[in-house]
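[1] Structure for the following, please:
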Amino acid sequence: MATMDDIARSLGISKGTVSKALSGAKDVSQATRKLVLEKAVELGYQRIARSDEAPRIAIFITNMEYKKPSDFGYDLVTGFRKAAEPAGFRVEIVPITKEFQAATPYDQYMVRRNYRGALCLGISLLDPWLKDFETCRTPTVLYDNRVSGNPNVTYLAVDNDEGMALAVRRLKELGHRRIGYLSSALEAYVYRQRYQAFLRSMQDSGLPADETVCGASFHVSDCLSTHLPRLLKAGCTAIVCSHDLLAHSVIVHCTELGLSIPGDISVIGFDDIPLCRYTDPPLTTIRQDRTDLGKSAFFALSSHLNHVALSTFLLHPQLVNRASCGAPPEKAAK
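    Next up is the predicted model:
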């Protein structure tokens, strides 16, 4: 493991200057601090915690609410802390923006803040740090996002192929043959994966894997005003949605159009957020246990810290049957 002496010798400066730069002392220039941090990352330097100081790990969060029990990220954070804190780690939650990421190289920030590793929640394909993760030296777990070829990074998720297979199989058992798919924008890795998993599941089930009855948009309103009418006109008797909030919006909009759920159209969501039990009718969905995912994120991170490089960590999903799915209308079943 590299030391401050190694950094100092490499840059031709004193160990004291290196120490001040790493600790953020104000009497060290920004240019020097940048050089020291860059060299620390290059040499693989890690600051050693004091004997009375718990090692620190971070949860970086963007594009995700997490503070209330009803928020999507709440159980992920709680599960991670339940596993990490009894193991002696100090967990710090750090909300981040794209602007912050663009101005702050990932590895340098981790060295400066003395974080041993991190779980990243809500990162999209457009986030600046996603490029950093391709070559970062810091142990990192990405929830619902993936980079290839870096042994320091683990992809954590529920098995989307298995989840979509559960949804399609259930609808086929009920008698549906024309099944549509609606999704949020495919700029998010997870929605791209679910979209492709849906088409594979349709094909594997012997049903038409038809992209003409699929639609994706950044705005829910576009899904409802543009794609949903197209799917209904194409004769879809069931719709699978990439996430529960979109599925709920589909139920509400179909009801406003005078359609019966599930008499005229069946709807399945994905995630099983708390809202699903209270929609009208209650939403059938694919459940991912977010508390277990949070715990698994720490298990993956601790494996990295013990020099075991995990590539992928997938959990099994579960079909939760509720009242939003039923047999197709009689005319469609004939």
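
[2] Buried residues in stretch 96-109, which are they?
    In terms of neighbour count (16 or more other Cβ atoms under 10 Å), stretch 96-109 has its buried residues at I96, Q101, P105, Y106, D107, Q108, Y109. The C-beta positions use only the backbone N, C-alpha and C, and glycine is treated the same way.

[3] Please apply the same query to stretch 210-220.
    V213, C214, G215, A216, S217, V220.

[4] Let's see that stretch as PDB, backbone CA atoms only.
    Output in PDB follows, covering the C-alpha atoms of stretch 210-220 (Å, rounded to 0.1, in the frame of the first residue of the first chain):
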ATOM      1  CA  ASP A 210     -43.500  -6.900 -30.900                       C
ATOM      2  CA  GLU A 211     -41.800  -3.600 -30.300                       C
ATOM      3  CA  THR A 212     -44.700  -1.800 -32.000                       C
ATOM      4  CA  VAL A 213     -46.700  -2.400 -28.800                       C
ATOM      5  CA  CYS A 214     -43.900  -1.000 -26.600                       C
ATOM      6  CA  GLY A 215     -43.500   2.700 -25.700                       C
ATOM      7  CA  ALA A 216     -41.000   4.600 -23.600                       C
ATOM      8  CA  SER A 217     -40.800   8.300 -22.600                       C
ATOM      9  CA  PHE A 218     -39.100  10.500 -20.000                       C
ATOM     10  CA  HIS A 219     -42.500  12.000 -19.200                       C
ATOM     11  CA  VAL A 220     -45.400   9.900 -17.800                       C
END
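
[5] what does that stretch contact?
    Applying Cβ atoms under 8 Å, 6 or more residues apart in numbering, the contact partners of stretch 210-220 are 178-187, 191, 195, 198-199, 202, 223, 226-228, 230-231, 234, 236, 242, 245-246, 249.

[6] Tell me the buried residues within those residues.
    Judged by 16+ other Cβ under 10 Å, buried ones among these: 178-186, 191, 195, 198-199, 202, 223, 227-228, 231, 236, 242, 245-246, 249.

[7] what sits against the nearest residue to S148 once chain neighbours are set aside?
    Sequence neighbours aside, E134 is the residue nearest to S148 in space, at 8.0 Å (criterion: Cβ to Cβ, 6 or more residues apart in numbering). Neighbouring residues of E134 by Cβ under 8 Å, 6+ apart: V147, S148, G149, N150.

[8] Just want to check the distance between the last one and D107.
    Look at N150 and D107: by Cβ to Cβ, to the nearest Å, they are 12 Å apart.

[9] quick one: common contacting residues for those two?
    Overlap of the contact sets of N150 and D107 (by Cβ under 8 Å, 6+ apart) consists of C136.

[10] Show only the entries of the buried residues of stretch 96-109 found in helices.
    Using DSSP state H, Q101, Y106, D107, Q108, Y109 are the members of the buried residues of stretch 96-109 that sit in helices.

[11] measure N150 to T312 for me?
    N150 sits 12 Å away from T312, going by Cβ to Cβ.

[12] what does stretch 316-334 rub up against?
    For stretch 316-334, contacts defined as Cβ under 8 Å, 6+ apart pick out 158-160, 162-163, 166-167, 170-171, 174-178, 235, 237-238, 247, 251, 261-264, 266-268, 272, 276-277, 279, 281-289.

[13] In ChimeraX, how would I select the buried members of those residues?
    Buried residues among the contacts of stretch 316-334 (16+ other Cβ under 10 Å), as a ChimeraX selection:
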select :158,159,160,162,163,166,167,170,171,174,175,176,177,178,237,238,247,251,261,262,264,266,267,268,272,276,279,281,282,283,284,285,286,287,288,289
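
[14] The most centrally placed residue in the chain: what's its closest spatial neighbour, skipping adjacent residues?
    Against the mean C-alpha coordinate of the chain, by Cα atoms, centre = their mean, the closest residue is D144 at 2.9 Å. Beyond its immediate neighbours in the sequence, the residue positioned closest to D144 (Cβ to Cβ, 6+ apart) is V190, lying 3.9 Å away.

[15] now swap in D161 and tell me
    A197 (4.5 Å).

[16] now the strand or helix carrying that neighbour: how far from the chain's centre is it?
    Secondary-structure element containing A197, defined by DSSP states H and E: helix 189-204. Its chain's average C-alpha position is 16 Å from that of helix 189-204, according to Cα atoms, centre = their mean, to the nearest Å.

[17] tell me the domain ranges of this structure?
    1-45, 53-158+292-316, 160-288+319-333 (automatic domain parsing).

[18] so can I have JSON lines of those domains showing mean pLDDT?
    As requested, the domains of the chain are arranged in JSON lines below (pLDDT from 0 to 100):
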{"stretch": "domain 1-45", "mean pLDDT": "81"}
{"stretch": "domain 53-158+292-316", "mean pLDDT": "94"}
{"stretch": "domain 160-288+319-333", "mean pLDDT": "94"}
